[in-house]
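In: Model the structure of this input:
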Amino acid sequence: MALTLDDIRHLFDKHGSMAYSGEPVTQLQHALQSAALAEAAGASRELIVAALLHDLGHLLNLQGETPSERGIDDLHQYFALPFLRPLFSDAVLEPIRLHVDAKRCLCAIDASYHARLSADSVRSLQLQGGIFDDEAAQAFLAKPYAQDAIALRRWDDDAKDAHRVTPALPHFMDMAASIARV
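Out: Numbering: from 1, shown residues only. Now for the predicted structure:
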């Protein structure tokens, strides 16, 4: 079943107030901050929308707050894709699909990256397969959209500030509407 833009708004309205996995922000705040950071960086509309929707799988596959504490990897990076595929191009979907592997890659190629991860990101990293070895990191970097996924990952990591002010959801949903296939 495909999601509509109204369905996405409804998911954020209904579940956006849930805590974001042990972080000091809600799911909606995290999504808005990720998108705002992408927009401030001059990213394409597609990548800004990917930043907004990268964790939508958490809202579709509700596992409660901080599932990683219970040893659960909800595979959120994949969960939303079938629902979003009719609506958006690969320029939106692939960075979403790859953002977890981008964390695994960044830990392998940037010695300081792992130390900057939040406690929940470190915990979920282990559930998600751990740090890539050199060969896996190089294979990841060769994939289409790998660089977009890495940019998204960095915004994701920085989108956990309880006091950051962002544009409201309609700003980014209008952007999503401008690139939607429907």
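In: in the protein, which helix or strand is least confident?
Out: Using mean pLDDT, DSSP states H and E, helix 76-79 stands out as the lowest-scoring helix or strand of the chain, at a mean of 68.
In: low-scoring stretches of this protein, by residue?
Out: 20, 62-78 (pLDDT under 70).
In: those helices in the protein, which residues are they?
Out: For the chain, applying DSSP state H gives helices covering 5-15, 27-40, 45-53, 56-60, 76-79, 81-84, 90-109, 113-116, 119-127, 134-141, 146-158, 169-179.
In: The ones you listed into CSV, with extra columns for mean neighbour count?
Out: Where you see a C-beta, it was placed from the backbone N, CA and C, and this is true even at glycine. Output for the helices of the chain, formatted as CSV (neighbours: other C-beta atoms under 10 Å):
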stretch, mean neighbour count
helix 5-15, 15
helix 27-40, 23
helix 45-53, 26
helix 56-60, 22
helix 76-79, 19
helix 81-84, 17
helix 90-109, 22
helix 113-116, 13
helix 119-127, 17
helix 134-141, 14
helix 146-158, 21
helix 169-179, 16
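In: how about those, which one is nearest Ser21?
Out: helix 119-127 (4.7 Å; C-beta to C-beta).
In: For the closest one, C-alpha coordinates in CSV please.
Out: Extracted in CSV, the C-alpha atoms of helix 119-127 (Å, rounded to 0.1, in the frame of the first residue of the first chain):
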residue,chain,number,x,y,z
ALA,A,119,24.8,6.2,23.2
ASP,A,120,21.7,5.0,21.3
SER,A,121,23.5,5.2,17.9
VAL,A,122,26.4,3.2,19.3
ARG,A,123,24.0,0.6,20.6
SER,A,124,22.0,0.4,17.4
LEU,A,125,25.2,0.2,15.4
GLN,A,126,25.9,-3.2,16.9
LEU,A,127,22.3,-4.4,16.1
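In: Phi first, then psi, for the most centrally placed residue in the chain.
Out: By C-alpha atoms, centre = their mean, the chain has its centre lying nearest to His54, at 2.8 Å. According to degrees, to the nearest 10, the main-chain angles of His54 amount to phi -60, psi -30.
In: Would you format the helices of the chain as JSON lines with distance to Ser21 included?
Out: Shown next, in JSON lines, are these (distance: least, C-beta to C-beta, whole Å):
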{"stretch": "helix 5-15", "distance to Ser21": "13"}
{"stretch": "helix 27-40", "distance to Ser21": "9"}
{"stretch": "helix 45-53", "distance to Ser21": "16"}
{"stretch": "helix 56-60", "distance to Ser21": "8"}
{"stretch": "helix 76-79", "distance to Ser21": "10"}
{"stretch": "helix 81-84", "distance to Ser21": "20"}
{"stretch": "helix 90-109", "distance to Ser21": "13"}
{"stretch": "helix 113-116", "distance to Ser21": "16"}
{"stretch": "helix 119-127", "distance to Ser21": "5"}
{"stretch": "helix 134-141", "distance to Ser21": "23"}
{"stretch": "helix 146-158", "distance to Ser21": "11"}
{"stretch": "helix 169-179", "distance to Ser21": "20"}
